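Asks: quick one, fold the following:
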Amino acid sequence: MHPGLEPTPRVTNTAGVAAWRAPPGAHLDVAAVAATDVRIRRGARRRGRGGHLVIRGVTFTVPRGSVTGVIGPSGGGKTTLMRAIVGVQGGVDGDLRVLGYAAGDACLRRRVGYATQAASVYGDLTVRENLRYFAALAQADDPDDPTRAPGYLDALLAHVGLTEQAPRLVNHLSGGQRSRVSLAVAMIGGTDLLVLDEPTVGADPRLRQRLWADFRLLAERGTTILVSSHVMDEAIRCDRLLLIYEGTLLAQGTPTDLLAATDCADLEEGFLRLVEAPDRQDGTGDRAGPPVRPAPATPTGGAAEAPPTPIPSPVRGRPAAPPSSTTPEADDPRDRPTVLRPVLRPARVRPAPRGPAHPPGVAACPRRKPIDELRTGATAVRVLRQLGRDRRTLALVLLLPPVLLLTLRLLFHRSPDTFDRVGPALLGIFPLMTMFFVTSVAMLRERTSGTLERLLTSPVGRGDLLVGYGLAFAVLAAAQAAFATALTVGALGLTVRGSAPMLFVAAILSSFLGTALGLWMSVFARTEFEAVQLIPAALIPQFMLCGILVPRHDMLPTLDVISTVMPMTYVVDAMARLSTSRHIDQWLSRDILIVTGCTLASLGLAAVTLRRRHP
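Replies: Numbering: from 1, shown residues only. Predicted coordinates:
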């Protein structure tokens, strides 16, 4: 169970949760986030070439158990930095540590929760179904996971104030309520650190007050909160601030430090004074703000050393401690006085070398299975629920192929032999096309809505996600093939001299192929309009060369050779052989094996393109 909710018999407090979650040997006193000369280049190709520099050599630490605000104007690099912290941003140079591990380490996927700026949850699921799905992803590795505790979801719903909205679809909620659903999902995914990208954007004053009260409550119970905002009014609510402008870190420290260092009455004026300071070099981050004595940050993840002059700490219930001779490892970073620290570094330095990906002396994370049955099953059930609520998609998948076949039968009502020749081939082609379209759009929505990025920060694997999608659409494909085959062979009178059951199996394989191709090809589209454009690009050439319009032996030799590398050709060949013979010869076996191989290859290519890090 998440810290702050009802404890399980095994874990009774927040410290216990953190100790139980961390691998043996893990250092629980390291900073939640520690960055040393981190540069991030967006749009970079492989080996860091190309793109543009967004984050320009930032160094900072985020103490555990604090509410730290990443504050700056829109377009300043806040989202890029937070995506790097949760491990989904590529093009990162320097040393970026999260809970002592390299950012994006597999050990962090159960300890770090992430909420994107948009409420990245499934709108066609209810609130409870969303939470149940993400809890299933979190609890699959451990039968004693806190999310398995009885009443966990009820306690979480009560904590975010959504008990009454639990049975309602997320699409039917207000914007503020959707934000709270997103926060609840982040709380499921992260037991130690919550990374929240502008969670209060668009929220009314009352909701903003409620969300910040939630953040404060979580921090007091041991969870570190890293929250971004471009609203300076919210900065005063944070324990510590990271002030970012045009990719540079202007300063870091407490709100009190900022006001004292800039000699301003409010934070917005102080921020502007730092931005407009004459000794700040624009875009380089060399200097920022008035001369303040800097305090070095430790690159290994520990908190920075305290300066000689104590400053009252703004953390509630934590009075500032006087300087002591204790070592930094023994100190609690929140109990030490802090000052506003401008970023001072040479204009041209080499990127800081990356430290080891895994902390020394810490046991390696358990090796996960390529495909986890629980996560795969949870994903399949989730997709089936979504499909069940999408009546138009169900009508498209189940009714369109039979309607097209019926139309074809009416066109050839005077020449039934022609229908008997092309009917079996189209019985395989139509399901392939419809499943290709539906799956490509479904996966594209996953990519563009932000839910895929959130999933890739969780313990779910690429195999879990793709196989779960495949299983869900396999159920739909089987229903589609059964309906289309029964209509074609029965009501439409298609003459089948071969095996009708085998014809049904081949139609299912064709649907599987369309599903796999759709999952793979969705990576090449950025909008649903582009996904529709994939149909003529990927399917129409195959349809023209598969032998249904012109027999392959009558084609030009070049076209015949091209047709042999197109999977639809073997679908048509297999359907034709099954409709004329009951024997399974070597040619039919070859066709079925090739279709199966193309399906598995497409799933493999989809897995390769489903990367956790994006440029």
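
Asks: sketch out the low-pLDDT regions of the stretch 451-600 of the chain for me.
Replies: Counting by pLDDT under 70, the stretch 451-600 of the chain shows no low-confidence range.

Asks: contacting residues for L242?
Replies: By Cβ atoms under 8 Å, 6 or more residues apart in numbering, the contact set of L242 is V58, F60, V62, T68, G69, V70, I71, L249, Q252. (Glycine included, C-beta is placed from N, CA and C.)

Asks: just confirm the third one contacts R240, I think it does.
Replies: Yes. Taking Cβ atoms under 8 Å as the contact criterion, V62 and R240 are neighbours in contact, 7.2 Å apart.

Asks: now do the shared contacts for these two.
Replies: Common contacts of V62 and R240 (Cβ under 8 Å, 6+ apart): T68.

Asks: mind putting the contacts of L242 into CSV with neighbour count?
Replies: Shown next, in CSV, are the contacts of L242 (neighbours: other Cβ atoms under 10 Å):
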residue, neighbour count
V58, 24
F60, 23
V62, 27
T68, 23
G69, 26
V70, 30
I71, 27
L249, 27
Q252, 29
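
Asks: mind putting those residues in a markdown table, distance to R526 included?
Replies: Shown next, in a markdown table, are the contacts of L242 (distance: Cβ to Cβ, whole Å):
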| residue | distance to R526 |
| --- | --- |
| V58 | 30 |
| F60 | 33 |
| V62 | 33 |
| T68 | 33 |
| G69 | 32 |
| V70 | 27 |
| I71 | 31 |
| L249 | 32 |
| Q252 | 36 |
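
Asks: which one of those residues is nearest P401?
Replies: P401 lies nearest to V70 out of these, by Cβ to Cβ, at 51.0 Å.

Asks: distance of that closest one from L267?
Replies: 14 Å (Cβ to Cβ, to the nearest Å).

Asks: do L396 as well
Replies: Noted for L396: a distance of 53 Å to L267, by Cβ to Cβ.

Asks: do the same with R414
Replies: Between R414 and L267 the computed distance is 82 Å (Cβ to Cβ).

Asks: who has more neighbours, these two?
Replies: Using other Cβ atoms under 10 Å, the more surrounded residue of R414 and L267 is L267, with 21 against 6.

Asks: got the phi/psi numbers for the residue lying closest to R526 once chain neighbours are set aside?
Replies: In this structure, R526 finds its nearest non-sequential neighbour in T448, 7.3 Å apart by Cβ to Cβ, 6 or more residues apart in numbering. Dihedral pair for T448: phi -80, psi -20, per degrees, to the nearest 10.

Asks: cool, L193 as well?
Replies: Dihedral pair for L193: phi -140, psi 130, per degrees, to the nearest 10.

Asks: who does it bridge with?
Replies: Note on L193: beta-bridge partners V112, T224, judged by DSSP bridges.

Asks: got the contact list for it?
Replies: By Cβ under 8 Å, 6+ apart, the residues touching L193 are A32, V33, V98, L99, R111, V112, G113, T223, T224, L226.

Asks: which strands and helices sit next to the helix or strand where the last one lies?
Replies: The one in question is L226. Per DSSP states H and E: L226 is located in strand 224-229. With contacts defined as 3 or more Cβ pairs under 8 Å, 6 or more residues apart in numbering; DSSP states H and E, strand 224-229 has these neighbours: strand 67-71, helix 78-86, strand 193-196, helix 205-220.

Asks: just put the ones you listed in CSV and tack on distance to L404 and mean pLDDT.
Replies: Formatted as CSV, these follow (distance: least, Cβ to Cβ, whole Å; pLDDT from 0 to 100):
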stretch, distance to L404, mean pLDDT
strand 67-71, 53, 93
helix 78-86, 44, 91
strand 193-196, 48, 92
helix 205-220, 49, 84
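
Asks: quick one: closest of these to R611.
Replies: helix 78-86 (13.0 Å).

Asks: name the helices or strands packed onto that closest one?
Replies: Where contact means 3+ Cβ pairs under 8 Å, 6+ apart, helix 78-86 is packed against strand 33-42, strand 52-62, strand 67-71, strand 92-98, strand 112-115, strand 193-196, strand 224-229.

Asks: can you list contacts of the third one?
Replies: The list of residues contacting strand 67-71 from outside it, by Cβ under 8 Å, 6+ apart, reads 62, 78, 81-82, 215-216, 219, 224-230, 232, 234-235, 237-244, 271.

Asks: cool, the last one as well?
Replies: With contacts defined as Cβ under 8 Å, 6+ apart, strand 224-229 is touched by 32-33, 62-71, 78-79, 82, 85, 192-201, 215, 218-219, 235, 238.

Asks: what's the angle from that strand to strand 52-62?
Replies: Orientation of strand 224-229 against strand 52-62 (axes from the mean of the first three to the mean of the last three Cα atoms, to 10 degrees) gives an angle of 140 degrees.

Asks: ok, now the third one?
Replies: Here strand 67-71 points in a direction 160 degrees away from that of strand 52-62 (the same axes, to 10 degrees).

Asks: how far is strand 67-71 from where the chain is centred?
Replies: Distance, stretch centre to chain centre, for strand 67-71: 22 Å (Cα atoms, centre = their mean, to the nearest Å).

Asks: what strands line up against that strand, and which way round?
Replies: Strand 67-71 has the following sheet partners, assigned by DSSP bridges: strand 224-229 (parallel), strand 240-245 (parallel).

Asks: ok, now the first one?
Replies: Each strand paired with strand 33-42, and its direction, by DSSP bridges: strand 52-62 (antiparallel), strand 92-98 (antiparallel).

Asks: tell me the mean pLDDT over it?
Replies: For strand 33-42, the mean pLDDT works out to 91.

Asks: in it, what counts as buried?
Replies: For strand 33-42, burial by neighbour count (16 or more other Cβ atoms under 10 Å) applies to V33, A34, A35, T36, D37, V38, R39, I40, R41, R42.

Asks: what residue, apart from its backbone neighbours, is nearest the residue nearest the centre of the chain spatially?
Replies: Note on the chain: the residue nearest the mean C-alpha position is E453, at 1.9 Å, using Cα atoms, centre = their mean. Distances taken as Cβ to Cβ, 6+ apart put V88 closest to E453, at 5.6 Å, once the chain neighbours are dropped.

Asks: for the helix or strand where V505 lies, buried residues please.
Replies: Using DSSP H and E, V505 sits in helix 500-521. Applying a neighbour-count criterion of 16+ other Cβ under 10 Å, one finds 502-521 buried in helix 500-521.

Asks: with stretch 470-477 instead?
Replies: Quick answer for stretch 470-477 (16+ other Cβ under 10 Å): G470, L471, A472, F473, A474, L476, A477.

Asks: low pLDDT regions in the stretch 301-450 of the chain?
Replies: Flagging of the stretch 301-450 of the chain using pLDDT under 70 yields the residue ranges 301-368.

Asks: residue contacts, G65?
Replies: Contact partners of G65, counting by Cβ under 8 Å, 6+ apart, are A219, E220, G222, T223, T224, R334.

Asks: count the neighbours of the first one for me.
Replies: Which is A219. Neighbourhood size, A219 [other Cβ under 10 Å]: 23.

Asks: was I right to think it contacts C238?
Replies: No. Here A219 does not reach C238: they are 9.8 Å apart, not a contact under Cβ under 8 Å.

Asks: quick one, phi/psi of the residue nearest to S66 when sequence neighbours are not counted?
Replies: Distances taken as Cβ to Cβ, 6+ apart put D239 closest to S66, at 4.3 Å, once the chain neighbours are dropped. Per-residue torsions, D239: phi -70, psi -40 (degrees, to the nearest 10).

Asks: do you know how far D239 is from P255?
Replies: To P255, D239 is 9 Å away according to Cβ to Cβ.

Asks: same check, this time on L466
Replies: 46 Å.

Asks: just A138 next, same as before
Replies: Per Cβ to Cβ, A138 is found 34 Å from P255.

Asks: out of the two, which sits in the more crowded spot?
Replies: A138 (26 against 22).
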